[in-house]
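Trainee: here is my input; please provide its structure:
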Amino acid sequence: MAELMFVATAHGVVVAEREGREWREAGHGLEGCRVTCITAHGNIAQAGTTGGAFRSLDRGRSWQPTNEGLSERHLRWLAHHPGDPAVLLAGTEPATIQVSRDAGTTWRECPEVARLRDEGGWYLPYSPAAGCVRGFALYGARAYAAVEQGGMLRSGDMGETWRLVQGSTGRPEREVPTGHVHPDVHSVNVHPSSPDRVTAATGGGLYRSTDGGDHWEHHYRCYCRAVWLDPDDHDHLILGPADSVDAGGRIEESVDGGRTWHMASHGLDVPWRRHMVERFEQAGDELLAVLSNGHLVTTSLGDLSWRRILPDVLDIAAVATPIT
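Mentor: Model prediction:
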């Protein structure tokens with residue numbers, strides 16, 4: 001069977017299949033919906049839109065709304081628990097975290113997140129909403145959530161309850177205290193070698209922690225939204241840095257834990273003037289990069305030579321390959 005990928009776009013969901021090295025469109029769904037995020041576990045896919053959540057049980061051929069209990073309908077990120085397909089987390093704008101224990105059939109808001117949001121004065125520079133949750137990382141019972149502009153949250157019970165990590169003030173302050181993570185957190189990754197090894201891509205650069213977010217080291221001063229971690233080597237990273245939101249976008253690689261970096265943008269016309277890497281997604285031996293201009297590029301992890309794929313699919317926001 002061909003490998004499957006779900007592609008979230010501003011116009012609906014595209015289902016793509018890979019045969020050999022080539023991806024091709026194989027189906028469409030949710031036409032006319034602005035799909036912001038997507039996740040998949042086996043044959044079950046969950047899509048988030050600006051108007052609610054939708055689920056497909058048949059590899060993207062049909063979709064049904066799944067909004068019971070969902071207190072905020074503008075979804076920014078979705079994540080399946082890798083070990084339990086019934087567990088789903090949703091991050092929203094304004095910033096809340098919604099959790100499902102029945103594969104998205106029903107949802108419950110985690111009220112402590114809204115309290116932290118209001119106490120900290122979370123905000124978005126481009127929206128009147130009070131911040132947003134735009135990334136999750138899960139490892140066993142541990143979960144992390146990336147908040148723009150608000151900081152880093154942590155759960156020890158598979159997303160049931162949340163608190164700020166010790167190394168996050170929870171306030172969008174200009175000055176970042178030593179040992180703390182920048183409050184403008186765009187995405188978070190946890191390395192499979194340990195639930196305490198956390199990496200955050202932020203508006204102030206790349207941050208890493210080896211104690212579950214209690215203390216952070218600042219490894220790269222830049223603007224970044226996405227980082228990929230080699231599951232076999234904690235010191236091997238691929239980053240999508242930029243000089244600012246709309247200047248100097250590129251892709252770089254580090255093999256020493258982020259202490260030094262070199263260009264890894266072969267095949268791309270960089271630096272990009274008005275876009276950057278929005279998200280990374282690994283699909284087998286291939287790394288996919290969603291760009292902020294809505295394009296999708298890919299490379300073999302063996303040679304880091306990038307090329308554009310699915311050129312007829314426009315305004316891509318996220319991609320997901322099913323967890324198996």
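
Trainee: show me where this structure has helices.
Mentor: Ranges of helices within the chain are 111-120, based on DSSP state H.

Trainee: pLDDT weak spots in it?
Mentor: For the chain, the stretches with pLDDT under 70 are 1-2.

Trainee: for residue 288, see how far away the closest residue to residue 223 other than its chain neighbours is.
Mentor: Take residue 223 and drop its neighbours on the chain: the residue closest to it by CB to CB, 6 or more residues apart in numbering is residue 242, 4.8 Å away. (Each C-beta comes from the backbone N, C-alpha and C, glycine too.) For residue 242, the distance to residue 288 equals 19 Å [CB to CB, to the nearest Å].

Trainee: likewise residue 264?
Mentor: 14 Å.

Trainee: thought residue 264 was touching residue 253?
Mentor: Yes - when contacts are counted by CB atoms under 8 Å, residue 264 is listed as touching residue 253 (3.8 Å).

Trainee: that older thread, check contacts around the residue nearest to residue 223.
Mentor: Shown in contact with residue 242 (CB atoms under 8 Å, 6 or more residues apart in numbering): 222-224, 248-250, 271-272, 276.

Trainee: what's the closest non-adjacent residue to residue 215?
Mentor: Nearest to residue 215 is residue 179, by CB to CB, 6+ apart, at 4.8 Å.

Trainee: and residue 125, by the same measure?
Mentor: Nearest-residue entry for residue 125: residue 149, 7.5 Å, with adjacent residues in sequence omitted and distances by CB to CB, 6+ apart.

Trainee: can you give me every residue that contacts the residue nearest to residue 215?
Mentor: Residue 179 neighbours (CB under 8 Å, 6+ apart): 167, 215-216.

Trainee: same deal with residue 219?
Mentor: Residue 219 touches 205-208, 254, 257-259, counting by CB under 8 Å, 6+ apart.

Trainee: which of those sits closest to residue 132?
Mentor: Taking CB to CB as the measure, residue 132 sits nearest to residue 207 out of the contacts of residue 219, at 18.9 Å.

Trainee: hmm, the closest one is touching residue 215, no?
Mentor: No - using CB under 8 Å, residue 207 is not in contact with residue 215, being 10.2 Å away.

Trainee: just confirm residue 50 contacts residue 36, I think it does.
Mentor: Yes - using CB under 8 Å, residue 50 is in contact with residue 36, at 6.3 Å.

Trainee: tell me, what's touching the two both at once?
Mentor: If you check residue 50 and residue 36 against CB under 8 Å, 6+ apart, the residues they both contact are 74-75.

Trainee: show me where the stretch 51-200 of the chain has strands.
Mentor: Ranges of strands in the stretch 51-200 of the chain, per DSSP state E, counting those that start in this stretch, are 52-56, 64-65, 75-81, 84-92, 97-100, 108-109, 132-139, 142-148, 151-155, 163-164, 185-190, 198-202.

Trainee: now which of the contacts of residue 219 would you call buried?
Mentor: 205-208, 254, 258 (16 or more other CB atoms under 10 Å).

Trainee: and the residues you listed as CSV, adding distance to residue 27?
Mentor: Shown next, in CSV, are the buried ones among the contacts of residue 219 (distance: CB to CB, whole Å):
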residue, distance to residue 27
205, 39
206, 37
207, 39
208, 39
254, 38
258, 39
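
Trainee: among the residues you listed, which lie within strands?
Mentor: 205-208, 254 (DSSP state E).

Trainee: for those, work out which two are farthest apart.
Mentor: Going by CB to CB, the pair spanning those furthest: 207 and 254, at 13.6 Å.

Trainee: how near is the residue most central in space within the chain to residue 178?
Mentor: For the chain, the residue nearest the mean C-alpha position is residue 135 (4.4 Å; CA atoms, centre = their mean). Distance, residue 135 to residue 178, by CB to CB: 24 Å.

Trainee: next one: residue 32
Mentor: From residue 32 to residue 178 the distance is 49 Å (CB to CB).

Trainee: residue 160 reaches residue 111, doesn't it?
Mentor: No - Residue 160 is not in contact with residue 111 according to CB under 8 Å; the separation is 11.5 Å.

Trainee: tell me the one of the contacts of residue 219 nearest residue 197?
Mentor: Minimum distance to residue 197 across the contacts of residue 219 is 7.7 Å, recorded for residue 208 (CB to CB).
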